[in-house]
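Engineer: prediction below, plus the sequence it came from.
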Amino acid sequence: KLPLRYWFWWPARTFDTFEADTPPVMQIARNIYAPLISDALDGKPQGMIAETWQVDATGRVWRFRIRKGLIFDDGTQITPAVVIENFKRILWLTRGEQLALNSLLPEIASWKNYADPLKSISREDDFVVFRFNRRPVNLFEAISQPLYGIANPKCFDKNGRWKDPFCHSASGQYRVIERTADRIVLQSRGVFTALSDSPELVEIHAPNKHGDNVVQSLLDGRGDITVEHSFAISRDTRKKIINSGLKILEEPPLRMHFVHLNPRRKPFKQAAIRRSVRDMFLRTLKADRHFASSGIELNPSFIPKGGVGYSEFVVPPKTLIHKSVGEFVEVLFFPIAAEAQMQKAIEDSVVSTLKAHNLHPHITRYQDRFEPFNRMRKGDFDVIVRGTGILVNNPYADLRMMFMSKVGALIPDPSGTIPKKIEVAEREGDPERRSLVVREINQSIFNDAAIITFAHSNLVYIFRKGADLSRLNLFCDPIEFRAIGWK
């Protein structure tokens, strides 16, 4: 059987599980590092590293029986001690943050020595036991994230640092057998439940030429499956996809695309300038003929339509521009749309808006997101266009990762009020009141205008007739290849 050729937007620069919330790494980590639990196949929780699990009457003590006989691809045994070591590593590296799992384990915040054992995570025979301070809400959603995939301890040192960017030793269904600058080949290990016709070999490709993109790779016959944001596919391209005999499957809309203004640097420390830029950018993009003809709805709500806490925001009419004193601003662009015209519409709207505010953009364009995201994490930017996603029906863990962690999407909060609102929402038992709190968060994001949301989208899976995605959980991002049929 031929390999399944999967195209993704950017190449992975590391196999470190600590980086597994970033999209390029996530594609690999999801498949080579197994979590305790996964719901990728049929959308039902299934034991992976954990064979079974038990919960006590209080809902605060969870026992996961580690599956016997599991090994990494180098023959090393996967034991309860290895599992605990992985959780300890991620908890240590995120100890100053408020991820969903961290918030359930209060001792993490005051943890001073990596070598010290944790009282809240322990081994009892074949079990790994978690003792939480309260009953978790959707624990499986948190611990099934690629961040908590089980890696071979040989890849990290006594301080939890990853030794070599591409160190790997698979605990998951697939292992890495080949890696080049723009291609990674995975081979099935056949260790977990999978579709009988799931691919034996998977080639993961990334575009490496200017102007190339993942959709074109399938139209040209170079690939078998890819994903793209719906807003990045024009009506004409959609027709080409259908007419070429390719299939399309769409997930629910749970992604947002936005302009990120750095509120820690001038001139965007001033809320008045951020709001003025927000209003003019939205008007300019809405009026762009390429954007207008795309059929994409301009929507300034950070929470996607239909999600918990969604609000409608009106694009303000033309108002007095709040001009700056003429600063230079660092603007970072990388491809976020397969359609060149859509990319140009967004970039042109950003640049013209900045110039209208007496700002002088210094533009740097990148082929992929690696360098601009590194600069963003360091604060070395003023403007970047990017996106993220959220689980629309239960956004609380995602909101924690966005606003209370350096691991996640790093969404700014100039008001400083959002973390408390997230905690209030988590404690609230009434779903309607919880939704109102998320609506307040959404309003705060709009008012602060450090994030200027302009579109929502869903992932569009584009694939050849030989691929079967009928049993893939579309809420489980990214793809676990064991849940795909391939003929």
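Structural biologist: Structure's in. What do you need?

Engineer: so where's the stretch 251-400 of the chain uncertain?
Structural biologist: 392-393 (pLDDT under 70).

Engineer: low-confidence stretches in the stretch 51-200 of the chain?
Structural biologist: Scanning the stretch 51-200 of the chain residue by residue, none of them satisfies pLDDT under 70.

Engineer: now do the helices in it.
Structural biologist: 80-93, 100-103, 139-143 (DSSP state H, counting those that start in this stretch).

Engineer: give me whichever of those is most buried.
Structural biologist: Mean neighbour count (mean count of other Cβ atoms under 10 Å) peaks for helix 100-103 among those, with a mean of 22. All C-beta atoms are positioned from the backbone trio N, CA, C, and that covers glycine.

Engineer: got the CA positions of that one in CSV?
Structural biologist: The C-alpha coordinates for helix 100-103 follow below in CSV (Å, rounded to 0.1, in the frame of the first residue of the first chain):
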residue,chain,number,x,y,z
ALA,A,100,-6.1,23.5,33.6
LEU,A,101,-4.1,20.6,35.1
ASN,A,102,-1.9,22.9,37.1
SER,A,103,-4.9,24.6,38.7
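
Engineer: distance to Ile441 for the helices of the stretch 51-200 of the chain - can I get that in TSV?
Structural biologist: Below are the helices of the stretch 51-200 of the chain laid out as TSV (distance: least, Cβ to Cβ, whole Å):
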stretch	distance to Ile441
helix 80-93	26
helix 100-103	16
helix 139-143	19
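
Engineer: what are the bridge partners for the closest residue to Phe231 other than its chain neighbours, then?
Structural biologist: Take Phe231 and drop its neighbours on the chain: the residue closest to it by Cβ to Cβ, 6 or more residues apart in numbering is Ser457, 4.1 Å away. Listed beta-bridge partners, Ser457: Arg255 (assigned using DSSP bridges).

Engineer: counting neighbours, what do you get for Ser457?
Structural biologist: The tally of other residues near Ser457 (other Cβ atoms under 10 Å) stands at 23.

Engineer: can you check Ala57 too?
Structural biologist: Count around Ala57 with other Cβ under 10 Å applied: 6.

Engineer: cool, and the one 5 residues further on?
Structural biologist: Per other Cβ under 10 Å, the neighbour tally for Trp62 reads 22.

Engineer: what's the answer for Ile242, then?
Structural biologist: Ile242, neighbours per other Cβ under 10 Å, totals 11.

Engineer: now do it, the pLDDT please.
Structural biologist: Ile242 is assigned 95 on the pLDDT scale.

Engineer: hmm, Asp236 and it touching each other?
Structural biologist: No: between Ile242 and Asp236 there is no contact under Cβ atoms under 8 Å: 11.0 Å.

Engineer: quick one on the thing from earlier: Lys247 is nearest to which of the helices of the stretch 51-200 of the chain?
Structural biologist: Checking the helices of the stretch 51-200 of the chain against Lys247 by Cβ to Cβ gives helix 139-143 as the closest, at 28.4 Å.
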